[in-house]
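Enquirer: what follows is a predicted protein model with its sequence.
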Amino acid sequence: MTTVSRHPGPPEPRKPAGAAVLQADKTDAIVMAFYEELAEGGFDRLTMDKVAARAGVGKAALYRRWRSKEQMLAELVAALGDGRDSSPPDLGSLRADLHALLTEVVGVADDPLLRQVIPYVIAMSHSSPQLVEGMHRVPGPSRRDVQMALQRAINRGELAPDTDLEIALDVITGPLVMRVFVGGEVLDQDYVERFTVFVLGALGAVTSTS
């Protein structure tokens, strides 16, 4: 009787250990620790070592995923905006579009996490290409969103064809950034209404009287 030798199948891959694994619960702990360190000491005093210690993980767990605190901040900021729509809807008029965009800004400004993080992103973005990219994905309307609304208004005849879009964008976005993310002020719907009316007047927009 011939004995058939049984060859074991291919060995199961060895599960990585230590720094090679960054489980979901560890990721959550690291992210929370990062924001807590940022809120307590600011970006300048934040270190990867402090984040690892607060999260209860080894330093290698951080450095395996993020090479520096700048890269970590850029990726976490970008992740905050992963769920936002690619572009705002066309609501039929510049007034409606602006009102919707400004209302979205108010919603973002109400988020305490974003109020802590975005000022640091703005301050650091000039020296970090990664943060420049991250800024494009921050929750809330972008400069491009406002530009699209203005261009639609030109196409509808609400704004003059020769409207200087760069200046118009500065008029709209500048005060919001200063008040919310530099001045730390809280906006409300009354401010949205007044600011919408002011911008329409400043741009010489033709509005419907119906």
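Expert: Right, received. Where do you want to start?
Enquirer: domain map for the protein?
Expert: 23-65, 94-202 (automatic domain parsing).
Enquirer: and the average pLDDT for the longest one is what?
Expert: To tie it back to what came earlier, the one meant is domain 94-202. Domain 94-202 comes out with an average pLDDT of 83.
Enquirer: one more: stretch 51-71?
Expert: For stretch 51-71, mean pLDDT rounds to 89.
Enquirer: mind listing what's buried along that stretch?
Expert: Residues of stretch 51-71 classed as buried: 51, 52, 54, 55, 57, 61, 62, 66, 69, 70 (neighbour count, 16 or more other Cβ atoms under 10 Å). Backbone N, C-alpha and C define where each C-beta goes, glycine included.
Enquirer: could you dump those residues to CSV with distance to residue 152?
Expert: Below are the buried residues of stretch 51-71 laid out as CSV (distance: Cβ to Cβ, whole Å):
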residue, distance to residue 152
51, 43
52, 48
54, 46
55, 45
57, 48
61, 47
62, 44
66, 39
69, 40
70, 36
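Enquirer: can you list these in a markdown table and add secondary structure and distance to residue 155?
Expert: Listed next are the buried residues of stretch 51-71 as a markdown table, based on DSSP: H, G, I helix; E, B strand; the rest coil; distance: Cβ to Cβ, whole Å:
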| residue | secondary structure | distance to residue 155 |
| --- | --- | --- |
| 51 | helix | 48 |
| 52 | helix | 52 |
| 54 | helix | 51 |
| 55 | helix | 50 |
| 57 | coil | 53 |
| 61 | helix | 51 |
| 62 | helix | 48 |
| 66 | coil | 43 |
| 69 | helix | 44 |
| 70 | helix | 40 |
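Enquirer: now the two most distant members of these.
Expert: Across the buried residues of stretch 51-71, no pair lies farther apart than 57 and 70, at 19.6 Å, counting by Cβ to Cβ.
Enquirer: returning to what we had before: tell me which of the domains of the chain sits nearest to residue 74.
Expert: For those, the distance to residue 74 is smallest for domain 94-202, at 3.7 Å, taking Cβ to Cβ.
Enquirer: measure the closest one end to end?
Expert: For domain 94-202, the first-to-last residue distance is 13 Å (Cα to Cα, to the nearest Å).
Enquirer: the chain should start at 73 in everything you say after this.
Expert: OK, 73 is where the count begins now, so the last one is domain 166-274.
Enquirer: can you give me the offset of that domain from its chain's centre?
Expert: For domain 166-274, the separation from the chain centroid amounts to 13 Å (computed by Cα atoms, centre = their mean, to the nearest Å).
Enquirer: mind checking how far residue 270 is from residue 114?
Expert: 34 Å (Cβ to Cβ, to the nearest Å).
Enquirer: name the residues that touch the longest helix along the chain?
Expert: Counting residues, the longest helix found in the chain (DSSP state H) is helix 96-117. Identification of contacts with helix 96-117 by Cβ atoms under 8 Å, 6 or more residues apart in numbering yields 94, 118, 122-124, 126-129, 133-134, 141, 144-145, 148, 185, 188-189, 192, 195-196.
Enquirer: residue 231: what secondary structure?
Expert: Secondary structure for residue 231, judged by DSSP: H, G, I helix; E, B strand; the rest coil, is coil.
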